[in-house]
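In: give the three-dimensional model of this entry:
(one chain, ligands or ions: 1)
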Amino acid sequence: MSRVAYVNGRYLPHGRAMVHIEDRGYQFSDGIYEVCEVRGGRLVDERRHMERLAGSLAALRIPAPMSLPALGVVLRETVRRNRVRDGIVYVQITRGAARRDHAFPAPGTKPALTVTARRLDFARNEAMAAEGIAVITLPDNRWERVDIKSISLLPNVLAKQAAREQGAREAWFVDSQGRITEGASSNAWIVSREGKLLTRALDRRILRGLTRTVLLDVISAQGLKLEERAFTVEEAYAAREAFITSASQIVMPVVRIDGRPVGNGAPGLIATALRRDYHAHAEIA
Ligand code: PDD
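Out: Numbers count the residues shown, from 1 in each chain. Next comes the predicted model:
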């Protein structure tokens with residue numbers, strides 16, 4: 001089955017889905033994006049993704065290319081045309097195509113909207129969760145507004161590649177005080193020696209992950225203890241459990257940090273239970 005992408009008003013074969021060479025996303029990474037999980041052919045937490053997308057556009061002063069309900073229709077249509085049951089839908093909006101100049105283009109320049117959808121290997125993800133993943137830590141060298149979901153991801157790209165080259169699946173960024181901020185494409189969590197869940201409080205140094213948001217409800221429903229505060233690399237090394245959250249990985253247990261086993265080196269009971277219950281708390285429409 002051939003893949004289809006939405007590009008500025010048209011559904012095109014994936015291989016011929018192109019944007020202009022002077023698109024500001026291509027030249028300046030002047031744009032924003034969202035990744036939404038698809039489960040059973042339906043969008044997971046669409047409302048929250050749309051809210052965050054609107055916030056990212058407002059923060060960068062990019063006009064919305066269409067209303068949010070209309071965008072929801074495009075997302076669903078892209079999922080349908082690609083026959084995705086379990087996977088992700090990716091939406092990207094840039095400030096549009098214009099003659100190259102760093103400052104904003106003339107008012108009225110149309111923002112560019114692209115949407116793609118693809119299947120994720122459900123069984124492979126489950127197998128990975130049953131085994132757990134390794135992470136490495138490295139200095140957080142990103143700009144100070146990573147709370148905006150912008151497509152400017154060069155430090156994240158380099159961090160993820162460094163992780164892959166060291167046999168790990170994720171890189172955790174560390175701030176100048178030795179505290180973990182978040183992963184290259186996920187939020188970071190540990191379960192402390194005392195059995196308390198720790199994740200950094202929302203500030204401009206992390207993305208407000210929507211999986212993180214929903215997981216707070218799961219944690220409260222399971223009656224677990226939670227503290228939203230930054231934790232150090234040392235605390236992570238000494239943790240009972242560790243895991244990451246993102247729309248594509250949900251709750252993914254971490255079993256090694258910088259080559260050291262976390263707890264007994266196997267996925268933790270808390271992470272596993274949170275992963276199991278997650279979708280009962282998400283909005284699936
Ligand atoms: N990444 N932090 C960063 C830097 C991220 O890129 C992501 C998501 C998250 C988790 O956000 P959410 O729970 O809303 O997916 C945190 C997406 C999945 C990506 O870039 O592919």
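
In: so does stretch 208-216 get close to the ligand?
Out: Yes - Stretch 208-216 lies within reach of the ligand by Cβ under 6 Å from any ligand atom, at 209-212. For glycine as for every other residue, the C-beta is placed from the backbone atoms N, C-alpha and C.

In: where helices are concerned, which of these count?
Out: 210-212 (DSSP state H).

In: hang on, the earlier thing: which members of the residues of stretch 208-216 next to the ligand define the maximum pairwise distance?
Out: 210 and 212 (7.0 Å; Cβ to Cβ).

In: of the residues of stretch 208-216 next to the ligand, closest to residue 8?
Out: Top of the list for closeness to residue 8, among those and by Cβ to Cβ, is residue 210 at 26.0 Å.

In: in which helix or strand does the nearest residue to the closest one once chain neighbours are set aside reside?
Out: Excluding the flanking residues, the one nearest residue 210 by Cβ to Cβ, 6 or more residues apart in numbering is residue 48, at 4.8 Å. In this assignment (DSSP states H and E), residue 48 forms part of helix 46-60.

In: and the contacts of that helix?
Out: Contacts of helix 46-60 with the rest of the structure, by Cβ atoms under 8 Å, 6 or more residues apart in numbering, involve 30-32, 34, 36, 43, 63-64, 68, 71-72, 75, 91, 93, 95, 145, 148-150, 208, 210, 213-214, 283, 285.

In: low-confidence stretches in this protein?
Out: For the chain, the stretches with pLDDT under 70 are 1.

In: so what's the gap between stretch 256-274 and the chain middle?
Out: 21 Å (Cα atoms, centre = their mean, to the nearest Å).

In: then it to CSV, C-alphas only?
Out: What follows is stretch 256-274, C-alpha atoms only, in CSV (Å, rounded to 0.1, in the frame of the first residue of the first chain):
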residue,chain,number,x,y,z
ARG,A,256,20.7,1.4,32.0
ILE,A,257,22.0,4.9,32.4
ASP,A,258,25.5,5.6,31.2
GLY,A,259,26.2,1.9,31.2
ARG,A,260,25.1,1.4,34.9
PRO,A,261,22.1,-0.9,35.6
VAL,A,262,19.0,0.9,37.1
GLY,A,263,17.7,-1.1,40.1
ASN,A,264,18.1,-4.8,39.3
GLY,A,265,18.6,-4.0,35.6
ALA,A,266,15.1,-5.0,34.5
PRO,A,267,12.0,-2.9,33.7
GLY,A,268,10.5,-1.7,37.0
LEU,A,269,7.1,-2.7,38.3
ILE,A,270,5.8,0.9,38.5
ALA,A,271,6.9,1.8,35.0
THR,A,272,5.3,-1.4,33.7
ALA,A,273,2.0,-0.8,35.6
LEU,A,274,1.9,2.9,34.3
